[in-house]
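Undergrad: Okay, sequence plus prediction incoming.
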Amino acid sequence: MLNKLNKANNSTTTLTSTHIWLLAFWILVFLLNMGPHWENYASFKEIIETIGSIVFAQTVVAFVTLKFLVPKLLDKDQMPLFIAALLSVLLLGAYWVIAVRYFYIEPSYPETYQNLLYVTQDQGIQYRLFSFWALKYIVFSKMPQLFFPTAVLMARQFYKKQSYILELKEQKNLAELAALKNQLNPHFIFNTLNNLYLLALKKSDQTPLVIEKLADILDYVVYRCNERYVSLNSEITLIQNYLDLECIRKSDTLEVSFSSEINHPHTIAPLLLLNLVENACKHSTSNELNTAFVDIILTSNRDAITFEVKNSIPEHSEASKNSPSVGLTNMTKQLEMLYPNAFSLTIDNTKNSYLATLTLNMETK
């Protein structure tokens with residue numbers, strides 16, 4: 001109920017601000033049509049009637065164009081028909097303004113138009129509307145005058161439409177990111193809880209340490225990485241906690257080295273680097289009878305972040321070299337949305353090792 005009331009209030013506020021904007025816009029159009037020589041008019045009534053007839057025609061042209069011609073022709077790629085219809089509307093508007101001036105304005109205020117009447121006294125309405133002189137006057141004077149408010153309103157409408165499309169695109173990206181993150185978090189939490197379960201079965205003295213690190217990891221994943229970007233140092237802490245858990249669980253089968261050189265305090269998308277670390281730890285030890293290794297190097301300077309993860313490949317590995325894992329596929333989707341045209345992810349897959357190198361260009365971020 002409260003949401004409905006808020007939405008109704010927001011709609012009312014938006015509608016009111018639009019009406020105020022349109023009122024101010026048409027007052028400005030009226031003043032521009034009047035120009036700086038209002039002293040040439042005999043009275044305020046003459047100004048209202050003369051300029052009002054022009055603004056009325058401009059309003060009708062704008063209404064017909066924006067309400068009918070744009071949605072029914074321009075938005076449906078009917079450009080030739082749109083141009084023809086717009087020119088027809090402008091021509092009818094010009095005829096209306098000339099007719100009003102001939103039949104009402106000039107007879108009502110002869111002092112203002114005495115010079116014009118002296119020159120055109122032998123010219124009837126047909127000459128004013130259909131002669132070659134009238135055609136030039138309409139095309140080069142009246143049509144641009146009638147069209148300029150419509151052009152401004154079309155530009156404003158186009159800008160608002162583009163802003164709305166960009167907003168929808170941003171909301172779509174955020175929804176896709178949230179969906180990808182929701183796929184990653186349960187996967188990560190399941191793996192770490194499984195680690196703790198195995199240690200508890202062994203009644204290991206390291207269980208309290210594992211619980212402490214797992215609690216820190218969950219606190220980070222649930223509460224501290226909800227922003228679009230987080231500090232690189234916090235991601236390093238997360239990776240180190242994860243590797244500590246992996247080393248405890250696989251102390252007899254896994255050797256890990258992790259070094260980092262941070263020369264610039266960048267921010268980064270949360271959990272992004274952990275995908276590569278998880279894949280390396282998982283695929284290096286699966287079906288491995290000997291000791292596996294994972295070597296990780298993270299460097300950061302002003303221009304880029306480079307993350308290299310190299311792991312051994314078990315001799316009897318069943319992993320396909322051609323089909324990427326689900327984690328790697330999700331990571332690539334995240335990169336395309338968060339770092340468009342500003343990242344590279346290369347895979348060097350040999351018989352004995354697997355090297356993934358991620359480079360984020362921080363100049364364009």
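TA: Ah, there it is. In this text the structure is predicted, and so the values were computed from the model without any measurement.
Undergrad: List the beta-bridge partners for Ser231.
TA: Listed by DSSP bridges, the beta-bridge partners for Ser231 are Thr267.
Undergrad: Okay, helices next: where are they in the chain?
TA: Residue ranges of the helices in the chain, as given by DSSP state H, are 2-34, 44-64, 70-72, 79-100, 106-108, 114-120, 125-130, 132-137, 143-202, 207-219, 232-249, 272-285, 326-338.
Undergrad: Now do the fourth one and helix 143-202, the angle between them.
TA: Computed by axes from the mean of the first three to the mean of the last three CA atoms, to 10 degrees, the angle separating helix 79-100 from helix 143-202 equals 140 degrees.
Undergrad: which strands and helices sit next to helix 79-100?
TA: On a contact count with 3 or more CB pairs under 8 Å, 6 or more residues apart in numbering; DSSP states H and E, helix 79-100 meets helix 44-64, helix 125-130, helix 143-202. Quick note: C-beta positions are derived from backbone N, CA and C, even for glycine.
Undergrad: Would you mark the buried spots in that helix?
TA: 82, 85-86, 89-91, 93-98, 100 (16 or more other CB atoms under 10 Å).
Undergrad: could you measure Lys161 against Asp75, distance?
TA: 9 Å (CB to CB, to the nearest Å).
Undergrad: among the helices and strands packed on helix 79-100, which gets the worst mean confidence?
TA: Between those, the one with the least mean pLDDT is helix 143-202; it has a mean of 78.
Undergrad: got the angle between that helix and helix 207-219?
TA: Relative orientation of helix 143-202 and helix 207-219, computed by the same axes, to 10 degrees: 170 degrees.
Undergrad: Show me what helix 143-202 packs onto, helices and strands only.
TA: For helix 143-202, the packing partners by 3+ CB pairs under 8 Å, 6+ apart come out as helix 2-34, helix 44-64, helix 79-100, helix 207-219, helix 232-249, helix 272-285, helix 326-338.
Undergrad: got CSV for those helices, with distance to Ile296 too?
TA: Shown next, in CSV, are these (distance: least, CB to CB, whole Å):
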stretch, distance to Ile296
helix 2-34, 47
helix 44-64, 63
helix 79-100, 57
helix 207-219, 17
helix 232-249, 7
helix 272-285, 7
helix 326-338, 15
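Undergrad: deepest of the ones you listed, which one?
TA: helix 272-285 (a mean of 22; mean count of other CB atoms under 10 Å).
Undergrad: Output that helix as CSV, restricted to C-alpha atoms.
TA: Extracted in CSV, the C-alpha atoms of helix 272-285 (Å, rounded to 0.1, in the frame of the first residue of the first chain):
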residue,chain,number,x,y,z
LEU,A,272,36.1,-12.1,-9.6
LEU,A,273,39.6,-13.4,-9.0
LEU,A,274,38.4,-16.2,-6.7
ASN,A,275,36.8,-17.9,-9.7
LEU,A,276,40.3,-18.7,-11.1
VAL,A,277,41.7,-19.7,-7.7
GLU,A,278,38.8,-22.1,-7.1
ASN,A,279,39.2,-23.7,-10.6
ALA,A,280,42.9,-24.1,-10.1
CYS,A,281,42.6,-25.8,-6.7
LYS,A,282,39.8,-28.0,-7.8
HIS,A,283,41.2,-29.2,-11.2
SER,A,284,44.8,-29.6,-10.0
THR,A,285,43.9,-32.1,-7.2
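Undergrad: and it, average pLDDT?
TA: Mean predicted lDDT for helix 272-285 stands at 85.
Undergrad: what do you get for stretch 234-252?
TA: On average, stretch 234-252 scores 86.
Undergrad: how far out from the middle of the chain is that stretch?
TA: 37 Å (CA atoms, centre = their mean, to the nearest Å).
Undergrad: Contacts for it, please.
TA: 192, 195, 198-199, 204, 206, 209-210, 213-214, 216-217, 220-221, 224-225, 254, 256, 258, 260, 262, 268, 270-274, 277-278, 281, 285, 291, 294, 296, 298 (CB atoms under 8 Å, 6 or more residues apart in numbering).
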